[in-house]
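*Asks:* dropping a prediction and its sequence here:
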Amino acid sequence: MKSSPYLLLKWLGLAAALAVVLWIATTLAAQGHWLAVTVTAFVGLCILAIYATKRAVPMKYLFPGMLALLALQIWPMLFTVAMAFTNYGDGHLDTKEVAVQQIVANSVEEVPGSERYRASVAVKEGTDLTTGDLSLLLVDTKDEAFVGTKDGLEPLTTPIEQNPAGKITQAQGFTVLNAGQANARSADLSNFAVPTADGGGIKMQGLSTAFEGRTTITYDAATDQLTDTRTGKTFAPQDGRYVATDGSGEAFSQGWLQNVGFQNFATILTDETLRTQFLRMFVWNVAFAAGTVVLTFGLGMLIALLFNEPTMRFRGLYRSLLILPYAIPTFVTALLWKGMFNQDYGLINSITGLSVDWLGNTWAAMAAVMITNLWLGFPYMFVVCTGALQAIPGDVKEAARIDGASGVQMLLRITMPLLLVAVGPLLIASYGFNFNNFSLIFLLTEGGPFVGGAQVGGTDLLITYAYRLAFSGAAPNYGLAAAVSIIIFALVALMSLPGFRATKKLEEIS
């Protein structure tokens with residue numbers, strides 16, 4: 001029977017875990033994510049059922065790992081797959097209803113002689129300041145207070161405090177944003193207007209003033225069209241945006257999230273420019289990953305064989321020095337090598353007397369990447385091969401010597417097969433890692449050089465290209481980047497399968 005201190009500690013830990021679950025569920029509920037609330041509540045019930053009883057002892061140890069697997073592996077994979085079949089990206093982040101509201105709100109123009117307000121930006125009390133729905137606390141020229149939301153304008157009846165200029169600084173039930181907090185939500189403010197009874201809207205001007213104006217864009221729910229009241233031009237939905245019906249090609253920048261099926265994958269395969277660059281990038285990606293594995297393993301194995309000689313003195317010191325590149329963080333090493341590869345004052349050109357543009361020429365940049373990755377990768381292979389060589393039974397080598405095997409024969413027919421049995425899976429894992437070696441490429445060359453304004457750089461890997469699609473450029477496209485990520489996963493899986501089969505055959509040797 002457990003002593004009372006341990007029992008108390010158990011129940012305190014259980015209470016703390018359930019409190020965290022309750023806080024997460026409450027936060028999600030406030031934001032309207034009811035599916036996530038349901039999942040969180042289910043996790044809380046599982047925690048209570050598993051750890052509050054003496055049953056399911058194995059599950060007490062397995063549950064944390066299963067939870068981490070679902071949260072950190074399965075969910076991101078499912079989310080990526082779902083995203084790949086949408087147009088999710090800049091301008092396509094929310095629903096169609098929100099897009100229409102933003103378009104109409106942005107069209108509000110001030111009417112001469114219209115009402116002006118002293119305005120404060122606020123959110124409902126208890127709501128996240130960075131994501132909560134905005135409210136405008138308004139004071140008109142008659143010193144009457146109002147609150148404006150996306151649903152309309154209402155009198156503000158709760159107690160308020162105002163500064164000497166008449167601007168509301170505090171209001172019961174609301175949290176007033178300061179200048180910095182309001183400025184951080186400038187994008188939301190630009191797309192926000194309080195609708196008024198006459199079809200107009202109240203919109204912020206700066207951070208202290210709001211004006212009442214009229215909308216120049218109207219929405220007709222019956223026809224699902226927008227109309228510009230100034231020109232009479234109409235806009236209809238097409239491919240997640242409202243475009244001009246007269247075929248002029250004009251479209252509003254605000255779009256909405258929608259399912260596009262296999263369009264992202266079709267773009268990768270059918271777009272002439274992207275397809276050509278994608279194929280070249282894939283070939284370099286395979287060559288980079290395979291070349292890195294061959295070079296690092298070859299150098300690491302040769303050094304391991306050299307220092308496996310028991311008669312060599314100071315082996316421990318040499319081994320310690322050789323693993324130093326592996327101990328230094330990758331980002332530090334990559335930046336150091338980037339400086340050494342500088343054409344004008346880099347160490348490499350200075351020592352060799354060359355004038356190679358290592359990072360500006362495609363072939364030279366590829367060589368620079370391979371050299372840097374060799375420096376980073378060979379210590380790992382050296383450590384792995386050293387351990388594997390020491391695990392080879394000495395009597396096997398002794399029997400080969402008695403049978404008259406030469407040193408080369410022992411290396412090729414005994415040492416190498418037994419070594420590959422141990423390191424084969426690690427070589428496959430190393431290939432998969434280097435196939436997606438984002439940090440080295442990004443820090444050393446940023447995927448460049450980009451010759452002639454090309455979309456794909458000379459050293460771009462598929463993963464760096466996917467990053468650029470998702471987070472760089474004028475219009476990031478997360479859906480297309482997710483499709484590229486799925487293709488990367490499929491390619492790595494297909495190329496790794498023969499390696500695992502070969503490793504299985506090597507196991508028969510042992």
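*Replies:* Thanks, I have it.
*Asks:* give me the domain ranges for this structure.
*Replies:* For the chain, automatic domain parsing gives the domain ranges 4-84, 96-215, 269-507.
*Asks:* just put those in a markdown table and tack on mean pLDDT.
*Replies:* Shown next, in a markdown table, are these (pLDDT from 0 to 100):
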| stretch | mean pLDDT |
| --- | --- |
| domain 4-84 | 88 |
| domain 96-215 | 89 |
| domain 269-507 | 87 |
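*Asks:* quick check: which of those domains is nearest to residue 243?
*Replies:* Minimum separation from residue 243 across these (C-beta to C-beta) falls at domain 96-215, 12.2 Å. Bear in mind the C-beta positions are built from the backbone N, C-alpha and C, glycine included.
*Asks:* look up phi and psi at the spatially closest residue to residue 355 that is not a sequence neighbour.
*Replies:* Leaving aside its sequence neighbours, residue 355 sits nearest to residue 349 (C-beta to C-beta, 6 or more residues apart in numbering; 6.0 Å). Main-chain torsions, residue 349, degrees, to the nearest 10: phi -70, psi -30.
*Asks:* still on that earlier bit, among the domains of the chain, which is nearest residue 258?
*Replies:* Checking those against residue 258 by C-beta to C-beta gives domain 96-215 as the closest, at 7.7 Å.
*Asks:* off-centre distance for the closest one?
*Replies:* Counting by C-alpha atoms, centre = their mean, to the nearest Å, domain 96-215 is centred 34 Å from the centre of its parent chain.
*Asks:* what of stretch 430-447?
*Replies:* On C-alpha atoms, centre = their mean, the centre of stretch 430-447 falls 15 Å from that of its chain.
*Asks:* go on, stretch 86-105?
*Replies:* A distance of 21 Å separates the centroid of the chain from that of stretch 86-105, by C-alpha atoms, centre = their mean.
*Asks:* what segments of the stretch 51-200 of the chain are helices?
*Replies:* 57-69, 75-84, 96-106, 179-184, 186-190 (DSSP state H, counting those that start in this stretch).
*Asks:* and the shortest one, C-alpha only, in PDB?
*Replies:* Taking C-alpha atoms only, helix 186-190 is exported to PDB below (Å, rounded to 0.1, in the frame of the first residue of the first chain):
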ATOM      1  CA  SER A 186      -4.200  47.400 -37.600                       C
ATOM      2  CA  ALA A 187      -4.900  44.800 -40.300                       C
ATOM      3  CA  ASP A 188      -8.100  43.700 -38.400                       C
ATOM      4  CA  LEU A 189      -9.100  47.300 -37.900                       C
ATOM      5  CA  SER A 190      -8.800  48.100 -41.600                       C
END
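*Asks:* figure out the length between the terminal residues of stretch 445-460.
*Replies:* Distance across stretch 445-460, first residue to last, is 9 Å (C-alpha to C-alpha, to the nearest Å).
*Asks:* turn the domains of the chain into TSV, columns for distance to residue 239 and mean neighbour count.
*Replies:* Listed next are the domains of the chain as TSV, based on distance: least, C-beta to C-beta, whole Å; neighbours: other C-beta atoms under 10 Å:
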stretch	distance to residue 239	mean neighbour count
domain 4-84	17	13
domain 96-215	12	16
domain 269-507	12	16
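*Asks:* with distance to residue 236 added, can I get those domains in CSV?
*Replies:* CSV is the format used below for these (distance: least, C-beta to C-beta, whole Å):
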stretch, distance to residue 236
domain 4-84, 26
domain 96-215, 12
domain 269-507, 21
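*Asks:* closest to residue 255 out of the ones you listed?
*Replies:* Per C-beta to C-beta, nearest to residue 255 of these: domain 96-215, 6.0 Å.
*Asks:* need the contact list for the nearest residue to residue 95 once chain neighbours are set aside.
*Replies:* Counting by C-beta to C-beta, 6+ apart, residue 256 is the residue found nearest to residue 95 once chain neighbours are left out, at 5.6 Å. Applying C-beta atoms under 8 Å, 6 or more residues apart in numbering to residue 256 gives the contacts 92, 94, 95, 96, 98, 99, 240.
*Asks:* which residues touch the fifth one?
*Replies:* For residue 98, the contacting residues are residue 256, taking C-beta under 8 Å, 6+ apart as the criterion.
*Asks:* do that again at 10 Å, thanks
*Replies:* Residue 98 makes contact with 150, 191, 254, 256, 257, according to C-beta atoms under 10 Å, 6 or more residues apart in numbering.
*Asks:* now the fourth one
*Replies:* Applying C-beta under 10 Å, 6+ apart, we find residue 96 in contact with 224, 237, 240, 242, 254, 255, 256, 257, 258.
*Asks:* list buried residues within these.
*Replies:* 237, 240, 242, 254, 255, 256, 257 (16 or more other C-beta atoms under 10 Å).
*Asks:* ok, so of those residues, who is nearest residue 158?
*Replies:* Comparing the buried ones among the contacts of residue 96 against residue 158 with C-beta to C-beta picks out residue 254 as the nearest, at 33.2 Å.
*Asks:* report the contact partners of that closest one.
*Replies:* Applying C-beta under 10 Å, 6+ apart to residue 254 gives the contacts 91-94, 96, 98-106, 191, 240-242.
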